[in-house]
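Enquirer: Quick one, what's the 3D model for this:
(one chain, ligands or ions: 2)
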Amino acid sequence: MTHWLIENGLFVTMNPEQPVFKGWLSVEGTAIAAMGEGEAPAELRDTASEKIDGEGHLFLPGLVNTHGHAAMSLLRGLADDLVLQDWLENHMWPMEGKFTGDDVYWGTSLAAAEMILSGTTTFLDMYDHMDRVAEVVENSGLRATLARGVIGLCPPDVQTAKLEEAVSFAKRWHGGANGRIQVMMSPHAPYTCPPDYIERIVAAAHELQLPLHTHMSETSAEVASNVKDYGARPVAHLDKLGLFSRPSLVAHAVHLTDEEIALLAERGVAVSHNPVSNLKLASGVARVPELLRAGVTVSLGTDSAASNNNLDLFEEIRLAALLHKGVSGDPTAVPAAEALRMGTVYGAKALGLEGTVGVLKPGMKADLIGVSIRKPHFVPATDYVSHLVYAASGADVAHVWVDGKQLLRNRELLTLDVEQIRYEAQRCFDRLRA
Ligand SMILES: CSC[C@H]1O[C@@H](n2cnc3c(O)ncnc32)[C@H](O)[C@@H]1O
Ligand SMILES: [Zn+2]
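Expert: Residues are numbered from 1 along each chain as shown. Ligands and ions are numbered 1, 2, ... in the order given. The predicted structure follows:
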């Protein structure tokens, strides 16, 4: 089993028992074996196959992006400054209707390169042509939760075919790529899936013992039309259809009442907060401080590069810390440490990966990143959690490991050919636009 060592590093562990220290961390195979303050034990130094000098770097758990559509990186910058329904119906869906498996492969590869370069080690992806997405996960070395998103605005036989595809994808890939791939079942949204279709997807999730993921309460227009069409707001509607009877993660949850927040807490539903996408599509601001206070797990997502327009989770972390201060007038609304937890520990919890990733601790998977702090914006050495949240960006990430394997070394991608990806992604877009 390979055994390697980081020495002289500053570790921000996200483990409250040993939060920040200068020292060493050793990895055996895919997991963190040991870590400690000061110098590494001589025996570890003598036997390590590789020793990494961590001087000038902060090491922390890899970031967890809990909502996105990776292949939509192909549509970055195509349609800006629109509200959700116009953006989706008149710009995204017509283009996505032309996507082939190869488009999804290259769009997802583009996203994977960007995510590794900005410190994300686990991402959730809801999309179509999911075998091609899984292929990218396998090749890139990333960890992912994959969901074949189904839209039910189609004839019953097509609905059935999509659901069968989601089920067979789950059977093929859940636990795949050496355990780095998990699968969720995913109705796209209550406004694109009729109630009986959602019930069938929930039944499949029960049969396969899988969690569920959906878009929910993203805009006030969505809430109003749900009330008009089904006589209930989205939370009560989805609850009635059984969506929360399995572990579930909802994206956005911008428009919630106090009662809905209480119900999400009671059902143990996690929320993926996507602040940049919600601002860009003018959807509103989620009630994150209230959700956190109620005990809801709130994680962070970028959504796609078509509504963001990048996949740098450091931006979401910073915005989660800033936005809710501005809205509430309370500078403690989301403290820096809580925002960093949302991007790491809570992300892992939202994906059912608690105890696997999100914290640097012996026994956890070796999913970690090294941030170079030899830069003016990391001086002086006051508070490294503060610097990570308020001063850092994805461009500061120097090293990335997933499952004990290095994916980025001194900002060089080790598993992906970025020049080929840029070329192929542009070629896909040129064909789609034509
Ligand atoms: C069925 S595959 C996923 C589907 O979701 C669409 N999408 C992208 N971003 C959003 C968003 O913010 N709200 C709702 N739907 C979104 C995407 O275009 C795909 O069609
Ligand atoms: Zn989305």
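Enquirer: Nearest spatial neighbour of Gly355, chain-adjacent residues omitted?
Expert: Met364 (7.4 Å; Cβ to Cβ, 6 or more residues apart in numbering). C-beta coordinates here come from the backbone N, C-alpha and C atoms, glycine included.
Enquirer: Let me fix that, I meant to ask about Ala251.
Expert: His67 (4.2 Å).
Enquirer: Backbone torsions only: list them for the one you found.
Expert: Main-chain torsions, His67, degrees, to the nearest 10: phi -160, psi 130.
Enquirer: again with Leu63
Expert: phi -80, psi 150.
Enquirer: residue contacts, it?
Expert: Shown in contact with Leu63 (Cβ atoms under 8 Å, 6 or more residues apart in numbering): Ser118, Gly119, Thr120, Thr121, Thr122, Leu313, Phe314, Ile317, Gly343, Thr344, Gly347, Ile369.
Enquirer: In CSV: those residues, plus secondary structure.
Expert: Shown next, in CSV, are the contacts of Leu63 (DSSP: H, G, I helix; E, B strand; the rest coil):
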residue, secondary structure
Ser118, coil
Gly119, coil
Thr120, strand
Thr121, strand
Thr122, strand
Leu313, helix
Phe314, helix
Ile317, helix
Gly343, helix
Thr344, coil
Gly347, helix
Ile369, strand
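Enquirer: Surely Glu315 is in a helix?
Expert: Yes: assessed with three-state DSSP, Glu315 lies in a helix.
Enquirer: leaving aside the residues next to it on the chain, what's closest to it?
Expert: Glu315's closest residue in space is Val276 (Cβ to Cβ, 6+ apart), at 6.1 Å.
Enquirer: what about the one you found, which helix or strand?
Expert: Assigned by DSSP states H and E, Val276 belongs to helix 275-280.
Enquirer: Now name the helix or strand holding Val235.
Expert: Assigned by DSSP H and E, Val235 falls in helix 234-240.
Enquirer: Now do that helix: distance to the chain's middle.
Expert: 24 Å (Cα atoms, centre = their mean, to the nearest Å).
Enquirer: So which residues make contact with it?
Expert: By Cβ under 8 Å, 6+ apart, the list of residues contacting helix 234-240 reads 190, 195, 198, 214, 216-217, 222-223, 226, 230, 232, 244, 250, 256, 260, 263-264, 267.
Enquirer: got the CA positions of the following helix or strand past that helix in PDB?
Expert: Toward the C-terminus, helix 234-240 is succeeded by strand 248-252 as the next helix or strand (DSSP H and E). The C-alpha trace of strand 248-252 is given here as PDB (Å, rounded to 0.1, in the frame of the first residue of the first chain):
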ATOM      1  CA  SER A 248     -33.000  14.100   0.600                       C
ATOM      2  CA  LEU A 249     -31.200  17.200  -0.600                       C
ATOM      3  CA  VAL A 250     -33.000  20.100  -2.100                       C
ATOM      4  CA  ALA A 251     -31.300  22.800  -4.200                       C
ATOM      5  CA  HIS A 252     -32.000  26.500  -3.700                       C
END
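Enquirer: Which neighbouring elements make contact with strand 248-252?
Expert: Packing partners of strand 248-252 (3 or more Cβ pairs under 8 Å, 6 or more residues apart in numbering; DSSP states H and E): strand 212-216, strand 270-273.
Enquirer: For Ile52, find the nearest of the ones you listed.
Expert: With Cβ to Cβ, the closest approach to Ile52 among those belongs to strand 270-273: 32.4 Å.
Enquirer: Can you get me a residue count around the residue in the chain that ligand 1 sits nearest to?
Expert: Proximity to ligand 1, evaluated over the chain using Cβ to the nearest ligand atom, is greatest for Gly149 at 2.9 Å. Using other Cβ atoms under 10 Å, Gly149 is surrounded by 24 other residues.
Enquirer: try Cys193
Expert: The number of residues near Cys193, taken as other Cβ under 10 Å, comes to 24.
Enquirer: Leu84 versus Leu281, what's the distance?
Expert: Note on Leu281: its distance to Leu84, by Cβ to Cβ, to the nearest Å, is 5 Å.
Enquirer: Point out the residues in the stretch 1-150 of the chain that sit beside ligand 1.
Expert: His69, Leu84, Leu88, Met92, Glu96, Met126, Tyr127, Asp128, Gly149 (Cβ under 6 Å from any ligand atom).
Enquirer: can you rerun that using 8 Å?
Expert: 69, 72, 84, 88, 92-93, 96, 126-128, 148-150 (Cβ under 8 Å from any ligand atom).
Enquirer: now do the stretch 201-350 of the chain
Expert: Counting by Cβ under 8 Å from any ligand atom, the stretch 201-350 of the chain sits next to ligand 1 at His215, Glu218, Ala251, His252, Asn274, Ser277, Leu281, Ser283, Asp303, Ser304, Ala306, Ser307.
Enquirer: who's the third one bridged to?
Expert: Pointing back at Ala251 there. His215, Ser272 (DSSP bridges).
Enquirer: about what we covered before: look up which helix or strand the residue of the chain closest to ligand 1 falls in, please.
Expert: Here Gly149 sits within strand 143-150, counting by DSSP H and E.
Enquirer: Show me what that strand pairs with in its sheet, parallel or antiparallel.
Expert: strand 120-127 (parallel), strand 181-187 (parallel).
Enquirer: Give me the subset of the contacts of helix 234-240 lying in strands.
Expert: Thr214, Met216, Val250 (DSSP state E).
Enquirer: Quick check: the gap between the last one and Ala339.
Expert: Okay, so that is Val250. Taken as Cβ to Cβ, the span from Val250 to Ala339 is 20 Å.
Enquirer: again, but for Trp87
Expert: Taken as Cβ to Cβ, the span from Trp87 to Ala339 is 27 Å.
Enquirer: Neighbour count: these two, which is higher?
Expert: Shown here are Trp87 and Ala339; by other Cβ under 10 Å, Ala339 has more neighbours (26 against 19).
Enquirer: Ala224: neighbouring residues, count only.
Expert: Neighbour number of Ala224 under other Cβ under 10 Å is 12.
Enquirer: Show the pLDDT at it.
Expert: With respect to pLDDT, Ala224 has a value of 98.
Enquirer: I figured the residue of the chain closest to ligand 1 hits Asp128, correct?
Expert: Yes: judged on Cβ atoms under 8 Å, Gly149 makes contact with Asp128 at a distance of 6.8 Å.
Enquirer: Give me the number of neighbouring residues for Pro289.
Expert: 18.
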